[in-house]
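**Q** coordinates for the following, if possible.
(one chain, ligands or ions: 2)
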Amino acid sequence: MTQRNLNQLRKDLDTINVQLLELLSERARISQEIGHVKNKQGVPKFDPVQEKNMLDVLIANNTGPFDDKTIRHLFKQIFQASLNLQQEEHKKHLLVSRKNQKENTTITLGNITVGGGTPIIIAGPCSVESYGQVRQAAAALKEAGITVMRGGAFKPRTSPYDFQGLGVEGLKILKEVGSEFGLKTISEIVDPSHIELACNYIDIIQIGARNMQNFELLKAAGDVRTPVLLKRGLASTIDEFLHAAEYIVSRGNTQVMLIERGIRTYEKATRNTLDISAVPILKQESHLPVFVDVTHSTGRKDIMAPCAKAALAAGADGVMVEVHPDPSTALSDAAQQMNFEEFNRFYTEVKQSGLLHGLG
Ligand code: PEP
Ligand code: MN
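**A** Ligands and ions are numbered 1, 2, ... in the order given. Have a look, this model is predicted:
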C-alpha cells in the first residue's frame, strides 16, 4: 500500500467519524424527546424489553466483521449514554433542584425566617423524658435566645431494649412547654399514621436518618403542610438525599429543610463523619434550606463549636445541637449532649464568629 492510499483511507475514516457523530447526535436528540414523553407519562426511563428488542434487530442485521458480542457491547454503551442524558434532563426537572427554582425556599415559623440569610440554632434534648426536663431545657434555651427547640418523642433506637420515647405524651409536653416559652418545636415522627396527629402538637416534623428512605413516611409528610426537617441517611448519597426530599415536595409540601448529620465511614474518632462538603453541594443543587446536626455527626462535645462554625462558613442556614439539663442522667445520647453551661459557651463562641449574621 502506498503512502497515498493510506492517507486516503485515513481521510475516509475521518469522514465516517464525523458521519457517526452526526448520527449519534441525531439519535441522542430523539432519545431526549422520548425522555420528555416518558416524563409526562410518568413511566420509567429504562425499558429493558425495548433495549433487548433493539439489540435483537442489530444482531440479526450483523454481517461482520465485528462479532455479535462486540456489537452488543458497542450499542449498550450508546444506549447507556442516551439513558444518562435522559436522567440528566430529568434531574433538571426535580422540584427540589436549583435548576427548577433559582430563589431560595424560605420557611416562616412565626417571626423566624429559615433560609432567608440569617442562620438559626435549633437546640434541645435528644429525648423528651418528662415535663420537668423539657421545661428546664426550654427556660435555659429561651434565656440564651434560642427560638426553636428540639426533643424526640418517638426514638428510633438501635436496640429495642433502649428507651423508646414517650410517644404522643412527649408531643403533648413539647406543645405545652413550647407555648409557655414562645418556642417553636421540632420532633421526629417515625410512623406515617402519626404525621397528621403530629401537626396538632409540633411546628416542624423531623424525619430521622434511619427513615430517610421510608417512602411511605415521606409521602405522608408530603401530604401535610407542616414544615419538615429531613435528615440525611446513615449511608446515603447526596443524590438519594435529594430524591427523598423530592418525595415530600412532589406531594405538595414545599416546606422542606435538609440536614446533614454525618455519614458512616471507617473513621472512629467521631461518631459519624461530618460531610461538610454536602453543605455547599446541597446549596448549589437545591433551593431548600440546609442545616448541620453537629451533635449526631460528631458525637463529641469538644469539637461542636468549630464544626458549627465550619457549617455556617460553608453556607448552612442553621445548626442543630443537643442540650440536656443533666446529660449524665439522659435516657439517650448521654455522652454527647451539652449541659447549659457547655451550651452557653458553645453559643457564645458561635455568635462571636459573626457567622450567625449570615454570609451576606
Ligand atoms: C435525632 O436527631 O434525634 C436523631 C435520632 O438523629 P439521627 O436520625 O440523625 O440519627
Ligand atoms: Mn440524639
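**Q** from the stretch 51-200 of the chain, which residue is nearest to ligand 2?
**A** Residue nearest to ligand 2 within the stretch 51-200 of the chain (CB to the ion): Cys126, separated by 3.3 Å. All C-beta spots, glycine's among them, are computed from the backbone N, C-alpha and C.
**Q** that residue and Lys11, how far apart?
**A** Note on Cys126: its distance to Lys11, by CB to CB, to the nearest Å, is 72 Å.
**Q** picking that back up, ok, the nearest residue to the residue of the stretch 51-200 of the chain closest to ligand 2 once chain neighbours are set aside - contacts?
**A** Using CB to CB, 6 or more residues apart in numbering and skipping residues adjacent in sequence, the residue nearest Cys126 is Asp333, 4.1 Å away. Listed by CB atoms under 8 Å, 6 or more residues apart in numbering, the contact set of Asp333 reads Cys126, Ser127, Thr295, His296, Glu322.
**Q** from those, pick the one nearest ligand 1.
**A** His296 (4.3 Å; CB to the nearest ligand atom).
**Q** the closest one reaches Arg261, doesn't it?
**A** Yes - using CB atoms under 8 Å, His296 is in contact with Arg261, at 4.7 Å.
**Q** okay, and the common contacts of the two?
**A** With CB under 8 Å, 6+ apart as the test, His296 and Arg261 both reach Ala209, Asn272.
**Q** for the closest residue to Leu94 other than its chain neighbours, give me its contacts.
**A** Closest residue to Leu94 apart from its sequence neighbours, by CB to CB, 6+ apart: Glu246 at 5.3 Å. With contact taken as CB under 8 Å, 6+ apart, Glu246 is in contact with Leu94, Leu95, Val96.
**Q** what does Leu171 give?
**A** Val128, Ala153, Ser187, Leu197, Ala198, Tyr201, Ile202.
**Q** what about the residues you listed, which one has the most neighbours?
**A** When neighbours are counted by other CB atoms under 10 Å, Val128 leads the contacts of Leu171 with 29 neighbours.
**Q** from Val323, how far off is that residue?
**A** Taking CB to CB, one finds Val128 at 13 Å from Val323.
**Q** next: Thr113.
**A** Thr113 is 23 Å from Val323, by CB to CB.
**Q** the two: which has the busier surroundings?
**A** Each of Thr113 and Val323 has its neighbours counted (other CB under 10 Å); Val323 has more, 27 against 15.
**Q** isn't that one right next to Ile122, touching?
**A** No - counting by CB under 8 Å, Val323 does not reach Ile122; the two are 10.2 Å apart.
**Q** any idea how far the strand or helix carrying Asp14 is from the middle of the chain?
**A** Element membership for Asp14, per DSSP states H and E: helix 3-41. Distance, stretch centre to chain centre, for helix 3-41: 38 Å (CA atoms, centre = their mean, to the nearest Å).
**Q** quick check: angle from the following helix or strand past it to helix 3-41?
**A** Counting by DSSP H and E, the element after helix 3-41 in chain order, helix or strand, is helix 48-60. Here helix 48-60 runs at an angle of 160 degrees relative to helix 3-41 (axes from the mean of the first three to the mean of the last three CA atoms, to 10 degrees).
**Q** name the residues of the stretch 251-360 of the chain found near ligand 2, please.
**A** Asp333 (CB under 5 Å from the ion).
**Q** ok and the residue in the stretch 251-360 of the chain nearest ligand 1?
**A** Taking CB to the nearest ligand atom, the stretch 251-360 of the chain has Arg261 as its residue nearest ligand 1, at 3.7 Å.
**Q** neighbours around that residue, how many?
**A** 25.
**Q** nearest residue to it in space, ignoring adjacent ones along the chain?
**A** Arg261 sits nearest to Asp293 (CB to CB, 6+ apart), 4.0 Å away.
**Q** pretty sure that neighbour contacts Met257?
**A** No - assessed by CB under 8 Å, Asp293 is found out of contact with Met257, at 11.4 Å.
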